[in-house]
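Novice: the following comprises the amino acid sequence and a computationally predicted model.
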Amino acid sequence: MRIFAFNILKFSAPGLIFILISFTLYLNTKTNIETKLTSFSKHSVLLMGDSQIQRLHGDAISLGAKNLASSGEHYYFTYQKLQTLVQNKNHSIDTLMLGVSIHNFAPVYNRLFSLDFSEGEKSLKKYLYFIRMFDNSGFLTTFDKILKPAILGVYATPDFGGFYESTNSNPKEAIINKTFNMHFSIQQNEAKFSNSQRTYLYEIERLCTDNNITLILVSTPYHSGYKEKIDQGYYDFFSESLKRLKHRRHLNFIEDDIADRFMSDANHLNKLGAKKYSKIIGERLKAAAFAGTQGN
Amino acid sequence: MLFNSIDFAVFLPIVFLLYWLLANKNLRLQNALIVLASYVFYGWWDWRFLSLILFSTLVDFTIGRKLKNEENKTKRKILLWTSIFVNLGFLGFFKYANFFLDNFKSAFSFFGSAITTNSLSIILPVGISFYTFQTLSYTIDVYKRKLAPTNDFIVFSAFVSFFPQLVAGPIERATNLLPQFYKKRTFEGSKAGDGMRQILWGLFKKMVIADSCAELANHIFNNSAEMNGSSLVLGAIFFTFQIYGDFSGYSDIAIGTSRLFGFNLMQNFKFPYFSRDIAAFWRRWHISLSTWFRDYLYIPLGGSRGGTWMKVRNTFAIFIVSGFWHGANWTFIVWGILHAIYFLPLLLTNKNRKNLEIVAQGNTLPTAKEFLQILFTFSLTVFAWIIFRAKDMKHAFSYISGIFSSSLFEIPQLSDPKGAMITMLLIFVFICVEWLGRESQYALEHLGLRWKRPLRHAMYYTIIIALIWFSGKEQQFIYFQF
């Protein structure tokens, strides 16, 4: 038995060393990330959410604004990032501009929040360092599902998000269709709407309230071809989800009739569009032109 | 508890350490620990069905003891039939009640008198087909005086519920497994190491091959109406490797786990896809079940001793029952009939024992003739698996007719072409390793044993990395439903 145990130990040694190195690297990188996020908390305005708001110029909106949005970011990860940011008791964040769009409640966001899908695995890889180790959200399920994306995540460059500019314009129908299918196709009997997005949207609101941060929701425009494809049920779910927010301030540009030259694809502004809307949002922010709790 | 779960990865070392460190010097304690561990293992899935196993154990233990002292032939027969009735009664109720109910309804409505009954909501207890056959083998062997009944209830409980093979086999014979519970078991490092290698290979078969194939096969079978012929062929091939990897992988893990505890279980698969004819396939596929049917059904029916008609009748009987054992669906019965049709020409021309030896033994590659024989047999099994996998016979017919269409020569429409390419590459590597190890009990048994340790360990690490990297999403074992 002793020899057997010794042989097992000998065989396991390289694996254990690898685990030890990975864990050390994880802890070290996580500390660095938290330090970096703490430095971001010195900005007074933060832009967070997914790729729609990622296209907006922080500086054009407000001096001292920092864009931390990232493509395909589920609100769960935004919430996790925000938790780290507000951990710094001396943070200067007074406004959080959060991207909200109708497709944020589409089935693709179920997949981005489930390790049963490749989208979820990619999320874990991308946001590993932003998730709390003993998180009990239901995202980190069984060990076997976590293992592969977690290993990849340890050795991947952490994605803090940030401003992204696109020079494309006049999107073709094929691109619009592809994007639409990616967002709204339902796979493997999954739910039609993403309830987890709704849950973490409310969690973000709660965190903002607890930390005296003003939450402003921003919906950037959609291409008309994409907009008309979306089922009315999603519009209803979107409005219903937002209605439940207690401290709702919403800059909604979804209904804007926007020219194709401002759009990069189905649902993203290009360089021109971003410039235009960043300016509009900036002006509204300055003028504090929020009419009540609803509408443009 | 699933073999490929983190629960089992924690459970196994705990039981292993308790077994060899705490209960090492006490055989009764070791057996009791096996019973306890087995009940925990099974109860993890649904503790309510432990009562079924316990009841079955009590019935067969009592009948076995009564048979020992009973000389009256009629009374012995009554005891045997009580055991058969109880065991098959449970199996029939849990597995086949709705099938018969639905078919009665269809038959009545066919003759114009429609009856309305509701299907029963019955949960199929995992592994019921396996442990039922195992306990039946005990009673039948005791009845035939091939085996002395046991007086030790713990030993008998351990035999019925032995956790490595409880839910999906191999279906052990009492004559093989029961005596092992009486023997003193001392720890052998080489045996445990061998067991671990077999577990590793089993996990590779299940998690890498079967689970990767499952995603592709499920997608194709579930959307077969929209698929072209070439995609349907690929779907059938993926399922062929899925079911083999899944089931033989389970058997490898079961046998390997048993070896960790000092037990030897029977080999359940002998590289069946390298068979040169269907008779050879059936000597190599799910051996514990086919030999069970051979010994307890085929031979009592007369086997191949009688005239042509008897041979045909018995062949069909064993294949139909074998198909029906898999589940309450006509697809399984037709699958069995199809294999009987494949088998019959060999039986009638006395060629069913032609290819007994290992193919291309001692050679690296098969001859062209052997290769073609393997390919032909493989094609027959792939075709039969379509019927086995289909939802119902209508689905099977539409799937098959979809294959034999002009779209057979089109490029396959795959939802995940990259994933399919990787899976095909993994299948290729898998076939190569299985081919290299075909003269052993399992592919990895002797492979690399003569290599230098770092190289051998590198091979095991490669498999472990493949388990992490390429494992598919499907987790349930197919044979749990049978």
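Specialist: That came through fine.
Novice: let me know the helix or strand that residue 236 is in.
Specialist: This is for chain A. helix A:232-243 (DSSP states H and E).
Novice: I was after chain B.
Specialist: Assigned by DSSP H and E, B:Ala236 belongs to helix B:229-260.
Novice: just checking, what packs against that helix?
Specialist: helix B:6-17, helix B:189-203, helix B:211-222, helix B:368-389, helix B:393-403, helix B:417-436 (3 or more CB pairs under 8 Å, 6 or more residues apart in numbering or on different chains; DSSP states H and E). Glycine gets a C-beta too; all of them are placed from N, C-alpha and C.
Novice: pLDDT averaged over stretch B:91-109 - what is it?
Specialist: Stretch B:91-109 comes out with an average pLDDT of 72.
Novice: for B:Ala384, list the residues it contacts.
Specialist: B:335, B:338-339, B:342 (CB atoms under 8 Å, 6 or more residues apart in numbering or on different chains).
Novice: measure it to B:Phe281 for me?
Specialist: 10 Å (CB to CB, to the nearest Å).
Novice: and the residue of the stretch 151-296 of chain A found nearest chain B, how far from B:Leu50?
Specialist: Taking CB to the nearest CB as the measure, the point where the stretch 151-296 of chain A comes nearest chain B is A:Ile151, at 7.0 Å. As judged by CB to CB, A:Ile151 and B:Leu50 stand 38 Å apart.
Novice: cool, and B:Val312?
Specialist: For B:Val312 relative to B:Leu50 (CB to CB), the value is 43 Å.
Novice: sorry, back to before: most tightly surrounded among the helices and strands packed on helix B:229-260?
Specialist: helix B:211-222 (a mean of 23; mean count of other CB atoms under 10 Å in any protein chain shown).
Novice: same list (the helices and strands packed on helix B:229-260) but as a markdown table, adding mean pLDDT.
Specialist: Output for these, formatted as a markdown table (pLDDT from 0 to 100):
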| stretch | mean pLDDT |
| --- | --- |
| helix B:6-17 | 92 |
| helix B:189-203 | 95 |
| helix B:211-222 | 91 |
| helix B:368-389 | 96 |
| helix B:393-403 | 94 |
| helix B:417-436 | 94 |
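Novice: do you know how far the most centrally placed residue in chain A is from chain B?
Specialist: For chain A, A:Glu73 is the residue whose C-alpha lies nearest the centre (CA atoms, centre = their mean; 2.5 Å). Remark: distance between A:Glu73 and chain B (CB to the nearest CB, to the nearest Å) = 23 Å.
Novice: can you count the residues close to the nearest residue to that residue once chain neighbours are set aside?
Specialist: Spatially, and ignoring its direct neighbours in sequence, A:Glu73 is nearest to A:Asp50 (4.6 Å; CB to CB, 6 or more residues apart in numbering or on different chains). Residues near A:Asp50, counting by other CB atoms under 10 Å in any protein chain shown, number 26.
Novice: I'd say A:Asp50 and A:Asn67 touch.
Specialist: No. Between A:Asp50 and A:Asn67 there is no contact under CB atoms under 8 Å: 11.8 Å.
Novice: and the residue nearest to B:Gly195 when sequence neighbours are not counted, what does it touch?
Specialist: Once flanking residues are discounted, B:Gly195 sits nearest to B:Arg259: 3.1 Å by CB to CB, 6+ apart. Applying CB under 8 Å, 6+ apart to B:Arg259 gives the contacts B:191-192, B:194-195, B:198.
Novice: want to throw those into a markdown table with distance to A:Ser137?
Specialist: Output for the contacts of B:Arg259, formatted as a markdown table (distance: CB to CB, whole Å):
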| residue | distance to A:Ser137 |
| --- | --- |
| B:Lys191 | 44 |
| B:Ala192 | 40 |
| B:Asp194 | 42 |
| B:Gly195 | 38 |
| B:Gln198 | 38 |
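Novice: which one of those is nearest A:Phe105?
Specialist: B:Gln198 (48.3 Å; CB to CB).
Novice: so what's the nearest residue to that closest one once chain neighbours are set aside up against?
Specialist: With CB to CB, 6+ apart as the criterion, B:Gln198 has its nearest non-adjacent residue at 3.3 Å, and that residue is B:Gly256. The contact partners of B:Gly256, by CB under 8 Å, 6+ apart, come to B:194-202.
Novice: what distance separates the strand or helix carrying A:Lys36 from the centre of its chain?
Specialist: Taking DSSP H and E as the criterion, A:Lys36 maps to helix A:2-40. In this view, helix A:2-40 has its centroid 28 Å away from the chain centroid, taken as CA atoms, centre = their mean, to the nearest Å.
Novice: let's verify A:Leu98: helix, strand, or coil?
Specialist: Per DSSP: H, G, I helix; E, B strand; the rest coil, the local secondary structure of A:Leu98 is strand.
Novice: any idea how far the nearest residue to B:Phe11 once chain neighbours are set aside is from B:Ile411?
Specialist: Leaving aside its sequence neighbours, B:Phe11 sits nearest to B:Met1 (CB to CB, 6+ apart; 6.3 Å). Per CB to CB, B:Met1 is found 43 Å from B:Ile411.
Novice: contacting residues for whichever residue of the stretch 151-300 of chain B sits closest to chain A?
Specialist: Nearest residue of the stretch 151-300 of chain B to chain A: B:Gly189, at 3.9 Å (CB to the nearest CB). Shown in contact with B:Gly189 (CB under 8 Å, 6+ apart): A:1, A:3-4, A:7.
Novice: what parts of the stretch 51-200 of chain A come near chain B?
Specialist: A:116, A:142-144, A:147-148, A:151 (CB under 8 Å from any CB of the partner chain).
Novice: which of these count as buried?
Specialist: A:116, A:144, A:148, A:151 (16 or more other CB atoms under 10 Å in any protein chain shown).
Novice: lowest-confidence one in the residues you listed?
Specialist: A:Asp144 (77).
Novice: helix or strand for it, which one?
Specialist: helix A:143-154.
Novice: and that helix, what does it pack onto?
Specialist: helix A:2-40, helix A:118-127, helix B:453-469.
Novice: most packed of those helices?
Specialist: Of those, helix A:118-127 is the most buried (mean count of other CB under 10 Å), at a mean of 20.
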